[in-house]
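Student: my questions concern the predicted model and sequence given below.
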Amino acid sequence: MSYARWFTIYGPSYLNALGWTALTAVLASLGAVVWGCVLLLFRLAGGPWGARGVDAYMQAFRNTPVLLPIYLIYFGFPLIGLPWPAVICGGLALVLQNGAYVSEILRGSFKAIDRVQFDAAKSIGLSPWHTFRKITLPQVLVYSIPSLGNQVVLLLKDTSLLSAITVTELTMQAKLLTEQTGAAYEAFMVVAILYLILVSGTEVLFRVAHRAVRWR
Amino acid sequence: MIEIRGLRKAFGSLAVLRDIDVDIADGEVMALIGRSGCGKTTLLRCINFLEEYDAGEIRLDGQPLWYRPGADSRRRRVPDQEARRMRQQMGIVFQQYNLFPHMTALENVSLGPRFSQKVAAAEAEDLGRSLLARVGLSDKVDAYPAHLSGGQQQRVAIARALAMRPKVLLLDEITSALDPELVGEVEDVIRSLLSEPIMMVLVTHALGFAREVAHRIAYIADGRIAEIGTPAEILEQPSDPTLKDFLRRIR
Amino acid sequence: MRRGLLRYALTALGVSVLLATAAQAGAQEKSRLDLVLERGKLIVVTMSTAPPFAFTDEKGQLVGFDIDIVRLLTTALFKDPNKVEFVIVTAEGRWPAIESGRADMGVGGTTVYPDRAVRVAFTRPFIDSGISVLVSKKAGIRSVADLNQEKHTVANLNNPQMADRAKRFFPRTKVLTFDTPSAQLLAVRSGRAQALQIDTPTAEWWAHQNKEELEVLPGFLGASQNNAIYLKPGDFKWWQWLDTSVAELRTGSWYPQYSDVYQKWFGKNPPPQKFYLPRQ
């Protein structure tokens, strides 16, 4: 079957799946960055126990494949009375794991901030919270843009794992079409191209964002 | 006025300040000179508690700063919130400007009033603009530090310190990092402040400038104030042999 | 930047066209039977979570009725039941594994459907089966009619036959779609779904393993189904050997071996294949 014909027939289902992939990736990325910031705050301001807790959290999530939290949350939460929709469960798993990586990225960037700025912040009477929000965080986030871009790309690719828990994103769509038509190459190649476009788009977006920062 | 009594400070086994006693009167400009590592910058940082100190007392207008006597006769640090309030009575300008690179000149200046003193946004901005005008940077309010010269950055830093309406301005070698041709514009800003009823403590190697603006000069050696007096006394009739040597080398 | 994006897309398109044509042009002259004999090993694609047909036991070994049938075929080819390599895939991964030639044939509770037979070849069935509904006892579902309510959810595999059956037998029930039988079972056990549809022997196996939790609804979804070996269409010699061997297993010279395997996994003898033979 030609790709043109393939796309005319199945285009709408792919677009729908593309929507789910993009939506999950965008929301989970935002969630992961917010959660990463919270973890960084715990590490910086939580004292020795805060740092230890964050370390333990890192170990737990960095040393397990992301499919595990996806399964645990999707199949485990109903057992404790939380039958959340699959896309929420999957998104949460992606946020929890990628948040761990994001907070490591942010920690790396934190080291790049000139320490003397914290003296200056103290000298004008800023509270630790305002120092974090106004001085630390904006700089850390900007320094992290390139690495965050990589992490978002990884997260984007990991959304394919949500096909294991009924989310009709791109990979699931390819699986369904393979079962329906047997044309595995066509089904997966279209998806591969769509992923490539999404990933390249993400990379471009982060490069533009990085360049748009005027103060560096 | 500032009263400092019996101030001691050690980094590990290295004693940096060994019993500093000095008063600074209202409106007085005091210069601190001495060899590198003599403790003058540490003294400055102890005054506004960027460094903790081991013993001694600092008072501002009679109000004891930074520590309170504890119940068991050991002193306690004042709570952080109170320390922040005390610190707002002082401004400090650093050798390396220490501006926040992600903020415009105006944002750097109005940040303190806005978030430490809870001044309304518009009011903080007005204050920032007028202070930047005062240091001659009306046309740079929206510039980021990376796009300013060292002299301009240091002037923003002075405006930032003044934005807290401090009683004391602490100046830590504010012209040492500047190219020689930029020193003048920063010194001019300090000169313009001499008419204000503000105390200044400046750590400096620029003896000419110290002589011009300071009412008194304190020579610090080995963690002590080795000699203190008017600029004429210190620079022209030094009695301490190490001060004589210091002056000879620096000229 | 935009040019970079375009270049990516074009490269990807080029690679994909290349792969697809390569796959289509891959129809080899030589029969796979010769290839298998030359290789000295049979390569079989299967699923690993469809008990009792093909699943992983407590020791981590791939076992099951279908696996044992494959071992009988391997014995016929090489006089050694172990000269076989199993490739384990998810439900939809079966078809590309065959089409690409990665595996010689496939088994694993795979049902024959006419629409499936358009794109893969099947041998005659080596076992018949039905599709049953496995339910969570907590749900209080007594029949397929009970299941047909908006408040219930059924777990499907991702093939269109499952979706068609769901539409036909319980159109009101919500549907979740998974890519492995094990995920279907997890869905029911975690309360994500109240029921699942699967081959009757698999449903019975799971119900037997979890007597307190699960039970099989009486009756079947539709008539009986046939499970068969699937392979890439067009290779007559290879298909002929497989089909002949299945015929011999079910009704001919290897019927005793077939019976043993049937007995081992289902605890009873296979249904009599010829009416004039006495029941064993």
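Tutor: Structure received.

Student: okay, CA-based contacts and neighbour counts for the rest of this
Tutor: Noted.

Student: how about low-confidence regions in the chain?
Tutor: Just going to use chain A. Applying pLDDT under 70 to chain A picks out residues A:1.

Student: not quite, I wanted chain C
Tutor: For chain C (pLDDT under 70), the answer is C:1-28, C:273-280.

Student: let me see the contact set for the residue of chain A found nearest chain B.
Tutor: In chain A, the residue that lies nearest chain B is A:Gly125 (4.8 Å; Cα to the nearest Cα). Residues in contact with A:Gly125 (Cα atoms under 8 Å, 6 or more residues apart in numbering or on different chains) are B:Arg84, B:Arg85, B:Arg87, B:Gln88, B:Gly112, B:Ser116.

Student: and those residues near chain C, which?
Tutor: By Cα under 8 Å from any Cα of the partner chain, no member of the contacts of A:Gly125 lies near chain C.

Student: now those: which count as buried?
Tutor: Neighbour-count burial (16 or more other Cα atoms under 10 Å in any protein chain shown) is assigned, among these, to B:Arg84, B:Arg87, B:Gln88, B:Gly112, B:Ser116.

Student: quick check: closest non-adjacent residue to C:Ala195.
Tutor: Spatially, and ignoring its direct neighbours in sequence, C:Ala195 is nearest to C:Val135 (4.2 Å; Cα to Cα, 6 or more residues apart in numbering or on different chains).

Student: tell me if I'm right that the one you found and C:Leu217 touch.
Tutor: Yes - under the criterion of Cα atoms under 8 Å, C:Val135 makes contact with C:Leu217 at 7.0 Å.

Student: between those two, who's got more neighbours?
Tutor: Legend: neighbour count by other Cα atoms under 10 Å in any protein chain shown for C:Val135 and C:Leu217, higher for C:Val135 (29 against 18).

Student: which helix or strand contains the more buried one?
Tutor: Secondary-structure assignment from DSSP states H and E places C:Val135 in strand C:131-136.

Student: tell me where the stretch 1-150 of chain C has strands.
Tutor: Secondary structure of the stretch 1-150 of chain C (DSSP state E, counting those that start in this stretch): strands at C:42-46, C:49-50, C:54-56, C:62-63, C:84-88, C:105-106, C:121-122, C:127-129, C:131-136.

Student: any idea how far the last one is from the chain center?
Tutor: With Cα atoms, centre = their mean, to the nearest Å as the basis, strand C:131-136 stands 17 Å off its chain's centre.

Student: list the neighbouring strands of that strand plus their orientation.
Tutor: Paired strands of strand C:131-136, with direction, are strand C:195-199 (antiparallel), strand C:214-216 (antiparallel) (DSSP bridges).

Student: what's in contact with that strand?
Tutor: With contacts defined as Cα under 8 Å, 6+ apart, strand C:131-136 is touched by C:141, C:144, C:188-189, C:194-200, C:203-204, C:207, C:213-222, C:224-225.

Student: try 7 Å this time
Tutor: C:188, C:194-200, C:203, C:213-217, C:219-221 (Cα atoms under 7 Å, 6 or more residues apart in numbering or on different chains).

Student: go on, the fourth one?
Tutor: Under the criterion Cα under 7 Å, 6+ apart, residues C:Ser48, C:Ala54, C:Phe55, C:Thr56, C:Asp57 lie in contact with strand C:62-63.

Student: and what of the second one?
Tutor: When contacts are taken as Cα under 7 Å, 6+ apart, the neighbours of strand C:49-50 outside the stretch itself are C:Phe55, C:Thr56, C:Gly108, C:Gly109, C:Thr180, C:Pro181, C:Ser182, C:Thr202.

Student: helices - which of the residues you listed land there?
Tutor: Residues of the contacts of strand C:49-50 located in helices (DSSP state H): C:Pro181, C:Ser182, C:Thr202.

Student: do the longest helix seen in chain A and chain C meet?
Tutor: Taking DSSP H as the criterion, chain A has its longest helix at helix A:3-45. No - shown here: helix A:3-45 not in contact with chain C (Cα under 7 Å from any Cα of the partner chain), separated by at least 8.6 Å.

Student: after that helix, next one along is what?
Tutor: Going down the chain from helix A:3-45, the next helix or strand is helix A:47-62, by DSSP H and E.

Student: quick one: the helices in chain A?
Tutor: A:3-45, A:47-62, A:67-76, A:86-110, A:116-123, A:128-130, A:137-158, A:170-181, A:184-212.

Student: find the nearest non-adjacent residue to C:Thr111, please.
Tutor: Closest residue in space to C:Thr111, ignoring its immediate chain neighbours: C:Asn227 at 4.4 Å, by Cα to Cα, 6+ apart.

Student: shouldn't the one you found be in contact with C:Gly108?
Tutor: No - C:Asn227 lies out of contact with C:Gly108 (Cα atoms under 7 Å); the separation is 8.4 Å.

Student: B:Val156: neighbour count?
Tutor: Around B:Val156 there are 31 other residues, counting by other Cα under 10 Å.

Student: sorry, slip of the keys, the one I care about is B:Leu44.
Tutor: A count of nearby residues for B:Leu44, using other Cα under 10 Å, gives 20.

Student: which SSE is it in?
Tutor: Per DSSP H and E: helix B:40-47 holds B:Leu44.

Student: hey, C-alpha coordinates of that helix in PDB?
Tutor: Output in PDB follows, covering the C-alpha atoms of helix B:40-47 (Å, rounded to 0.1, in the frame of the first residue of the first chain):
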ATOM      1  CA  LYS B  40      39.500  44.600  56.700                       C
ATOM      2  CA  THR B  41      37.000  43.000  54.300                       C
ATOM      3  CA  THR B  42      36.100  40.500  57.000                       C
ATOM      4  CA  LEU B  43      35.400  43.300  59.400                       C
ATOM      5  CA  LEU B  44      33.100  44.900  56.800                       C
ATOM      6  CA  ARG B  45      31.300  41.600  56.200                       C
ATOM      7  CA  CYS B  46      30.900  41.100  60.000                       C
ATOM      8  CA  ILE B  47      29.300  44.500  60.400                       C
END
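
Student: any idea of the angle it forms with helix A:116-123?
Tutor: On the basis of axes from the mean of the first three to the mean of the last three Cα atoms, to 10 degrees, helix B:40-47 is oriented at 40 degrees to helix A:116-123.
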